[in-house]
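Undergrad: based on what follows, work out the 3D shape:
(chains A and B)
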Amino acid sequence: MKRFAKILCALLAAILPLGAFAACGGAASDVLYVLSFKPEYDEIFEEVNQIFLDEHPEMSSVDYRTVDTNNYNSVFTSRIQSGYLDVFTSEVTYMMQGSNNYMEPLEHRDYMDDVKDEYLTLGSFYDPSEGGEAELLTMPIERVANVVYYNKDIFEEYGLSEPTTWEEFCSVCQTFSDATKYPVAGKSRIESPIIFGARSEWPAMAILNSVVADVIGINQPDFFDEIVNYDTNTNIRFNNANWVEVFEKTQQIGTDYVDSDIYGLDYSFAATYFSIGNTTNNSWYPMMIDGTWVNSQITAEFEVGAFALPAVSDPTNAEGKKNLSVKTGATLSVFNRSNKKDAAQDYIEIFFRDEIYQKFVDFAKTPSVKETVEQTDTLVNSIFDENKYTFVEAYDSRMPRYFPLVSASEVVALMKGQITAQTVADTLQNQVELNKVDWQEYTQLSHTKS
Amino acid sequence: MRTIKQESGGMRTMRKSRLKTTPLVNPYVAIAATLPALLSIFVLAMLPAVINLAISFTDYHGVGQPFEFVGFENFVRVFQVQNAAVGVWDSLLNTLVFSVCVVLIQQPLSLGMALIVNRKFKGRSFFRALYFMPTILGVSVVGFTWQLMFDPVSGPIATLLSRFGTSSALLGEEGLSMALVIIVAIWANFGYAMVIYIAGLSNISEDVREAAQLDGAGSFKLFWYVTLPLLKSTLAINFWISISGTLSMYDIIYVLTNGAAGTTTLALYIFKLATNSSSNQGQAAVLYIYFSVFVTAVMLIFNFLFRRKEKEVKA
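TA: Coordinates of the predicted model:
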């Protein structure tokens, strides 16, 4: 009896914690786990989910989850550790910072023949430490740009046109800034020349990216390509005159042309307030700085225009065009430790079927990555106009993995005037020096084998 | 009297002998019952703490990434300025401001509400439930509700301010932002402390209060000399929970401001550092260690001060 009690107790001791941990569960073999940081595209993905389930009767469901950008990193990290991941959206920023380590090379499918070469290149990575050729690790689904949206009606009302230089941009902003203090009778009341989701902080990077694209892109066009030679090229410093100019101009935009109340505005409201003008017949915000991922959320009835923020006196580059700060935007990848890799590749293929992808392109208002699908939206096509702009990869997307970046909180503090441009530049340079060992071995990770 | 003594002595002998022969709880059952909890603590607390300690000596960047042993480098480097907007010392100061304000406002408020809803009046249960409700709402709900309230363009508070011809960035305004976060944190948690005070108050015998009243004690004297001393252990528990909770609180701040406008506490600073994929996780691990030492030190000081006060009262 005593022995029986001992065995019973031992079993009890073992079963209880095992039961507790078993309750945590594990990734199911008949469920496809999809993680995205693009909640605005849920509608399209739900359709893909349905088609996938119809064509894969062996799968019981698609566990499709979207997480906002701020939380994506932490959720993504926990998913790769728990294994609840098969397909995920990513972007170049994440790839350069390490998520390419979790990507299964995409196997060739028919839809890839229709994808434009530039996008296949953007999704391909070559790591010298691994050897071999560049591999297609992720498939871009869109392309985004950092731009200034503007209300054409208000511009017309105030007799203004699209600015083409930094001085003209400041002049436009000043006109609206004056109007906030001294409302002009018969003209729309202006609350703030520029609006953006300042409290969420990360949208401030769109402003910094735009300024970098011009100030660094025009004055020191080889800066980013030369980062690999940081140790020998002393011009590659983040506290040089060009970078201080970047931070000074970003600060000027923030302190002079953004109303202080805007620093309490959540990102999710910015596009709504920009769009609201026509519905209330009282246009408050003539300009909004954001990425083109917001296109689908701009529901204005007035005519919306967009331009690349001109941050220098002569923003014409060596190609005779202007620089436009762009990012790959979202991409689709297969988790390399997934046990449903084939199904995951099928899922991506379904997304790229012409009828589905056309819906996506129309909805997301993004340039199409496929030759067989066209974007017809005038605003989108005017932004991604290759005759007008040279597409320059955004600063926060093109830096090597683990390379210290200016944080969004620093940009907002800078724009509020709480810290100086020189402080930001010196702090960044200091961080680059301190972390050299961490990033140098990764700097050669690139899209193509040179 | 002698008989009683003899009887009680006999009882004691009998109890001792019974304990020796037939223990009230089978020791195997006792061990088995504690093992799951021990195992859980080991797996969910001790093991991560050991792993965290190991990571603190590396430049680990995440799962599957190469890393190297860097010795004590991270222990020094975390104090170097990494972000021009907010650093470790700023976040420590914010933590202290947040914690002190929340504890010092929340505790009297909770006690006051407990004293009110402990009185016998119609609808008492309704008010108790109402005040406790924010506690069960959850951080996300509380956070998003107050975000809407504090929207600087068309939120109700902004609308009210505009009636007085003024405006504010509210959650985006330096200084004010911390005050608003403190108010929301108090609002969201005071119900929990209130319930503990109600439990403490219900343990105070009515006889004691009546005796004090018969001796001529007024409301204030009754509270100050009778209720408050008898609530000492409840006060200690509530202060303990509140201090340790606010020192490590980051969720409500994360949802409300994401640390913007001077609201980054040390816990949030570490969380953001640890979940940023480009960050050196070794430095985040070091900050966790410093943070644990800091919280433990604060709680030990609290214990020391509270016990000394207790001894003074007894003396």
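
Undergrad: whichever residue of the stretch 201-315 of chain B sits closest to chain A: neighbouring residues, count only.
TA: Closest residue of the stretch 201-315 of chain B to chain A, CB to the nearest CB: B:Thr275 (3.9 Å). The way it works is simple: take the backbone N, C-alpha and C, and place the C-beta from them, glycine included. Using other CB atoms under 10 Å in any protein chain shown, B:Thr275 has 19 other residues around it.

Undergrad: my guess is it contacts A:Thr77. True?
TA: Yes - counting by CB atoms under 8 Å, B:Thr275 does reach A:Thr77; the two are 6.8 Å apart.

Undergrad: so which strand or helix has residue 148?
TA: If you meant another chain, say so; for now it's chain A. Assigned by DSSP states H and E, A:Val148 belongs to strand A:144-151.

Undergrad: wrong one, chain B
TA: helix B:139-149.

Undergrad: ok, so what distance separates the most centrally placed residue in chain A from chain B?
TA: The centroid of chain A falls nearest to A:Gly329 when counting by CA atoms, centre = their mean (5.2 Å). According to CB to the nearest CB, to the nearest Å, A:Gly329 and chain B sit 18 Å apart.

Undergrad: circling back to that earlier point, now do the helix or strand following the strand holding A:Val148: which elements does it pack against?
TA: Sequence-wise, the next helix or strand downstream of strand A:144-151 (DSSP H and E) is helix A:152-157. For helix A:152-157, the packing partners by 3 or more CB pairs under 8 Å, 6 or more residues apart in numbering or on different chains; DSSP states H and E come out as helix A:277-280, strand A:304-307.

Undergrad: which of the residues in helix A:152-157 are buried?
TA: Using 16 or more other CB atoms under 10 Å in any protein chain shown as the test for burial, helix A:152-157 gives A:152-155.

Undergrad: can you tell me the residue of chain A closest to chain B?
TA: For chain A, CB to the nearest CB, closest residue to chain B: A:Gly264, 3.1 Å.

Undergrad: the residue nearest the centre of chain B: helix or strand, and which one exactly?
TA: Centroid-nearest residue in chain B: B:Gly245, 2.1 Å away (criterion: CA atoms, centre = their mean). Taking DSSP H and E as the definition, one finds B:Gly245 inside helix B:232-247.

Undergrad: go ahead and name everything in contact with that helix.
TA: For helix B:232-247, the surrounding residues in contact (CB atoms under 8 Å, 6 or more residues apart in numbering or on different chains) are B:95, B:98-99, B:102-103, B:106-107, B:110-111, B:185, B:189, B:192-193, B:196-197, B:199-200, B:228, B:266-267, B:294-295, B:298-299, B:302, B:306, B:310, B:313.

Undergrad: can you select the buried ones from those in PyMOL?
TA: In PyMOL, a selection of the buried entries from those looks like this (16+ other CB under 10 Å):
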select buried, chain B and resi 95+98+99+102+103+106+107+110+111+185+189+192+193+196+197+200+266+267+295+306
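
Undergrad: ok, and which of the contacts of helix B:232-247 reach chain A?
TA: Contacts with chain A are made by none of those, judged by CB under 8 Å from any CB of the partner chain.

Undergrad: follow-up on the earlier one: quick check: next helix or strand after the helix holding B:Gly245?
TA: That would be, after helix B:232-247 and using DSSP H and E, helix B:251-256.

Undergrad: can you name every helix or strand that that next one contacts?
TA: Of the remaining helices and strands, those touching helix B:251-256 by 3+ CB pairs under 8 Å, 6+ apart are helix B:139-149, helix B:176-202, helix B:266-275.

Undergrad: what about the first one, near chain A?
TA: Yes - using CB under 8 Å from any CB as the criterion, contacts between helix B:139-149 and chain A involve B:Gln147.

Undergrad: buried residues in that helix?
TA: Across helix B:139-149, burial judged by 16+ other CB under 10 Å covers B:139, B:142-143, B:146-147.

Undergrad: and if you look at the longest one?
TA: Of all the residues in helix B:176-202, those buried under the rule 16+ other CB under 10 Å are B:176-178, B:180-182, B:184-198, B:200-201.

Undergrad: repeat for stretch A:286-300
TA: Neighbour-count burial for stretch A:286-300 [16+ other CB under 10 Å]: A:286-296, A:298, A:300.

Undergrad: just the pLDDT at A:Ile7, thanks.
TA: Note on A:Ile7: pLDDT of 64.

Undergrad: A:Pro128 too?
TA: 55.

Undergrad: likewise the one 5 residues further on?
TA: Residue-level confidence at A:Glu133 comes out at 72, pLDDT.

Undergrad: in a helix, that's where it is, yeah?
TA: No - secondary structure of A:Glu133 (DSSP: H, G, I helix; E, B strand; the rest coil): coil, not part of a helix.

Undergrad: the residue nearest to A:Ile141 when sequence neighbours are not counted: how many residues sit nearby?
TA: Among residues not flanking A:Ile141 along the chain, A:Ala330 sits closest, at 5.3 Å (CB to CB, 6 or more residues apart in numbering or on different chains). Neighbour count for A:Ala330, taken as other CB under 10 Å: 22.
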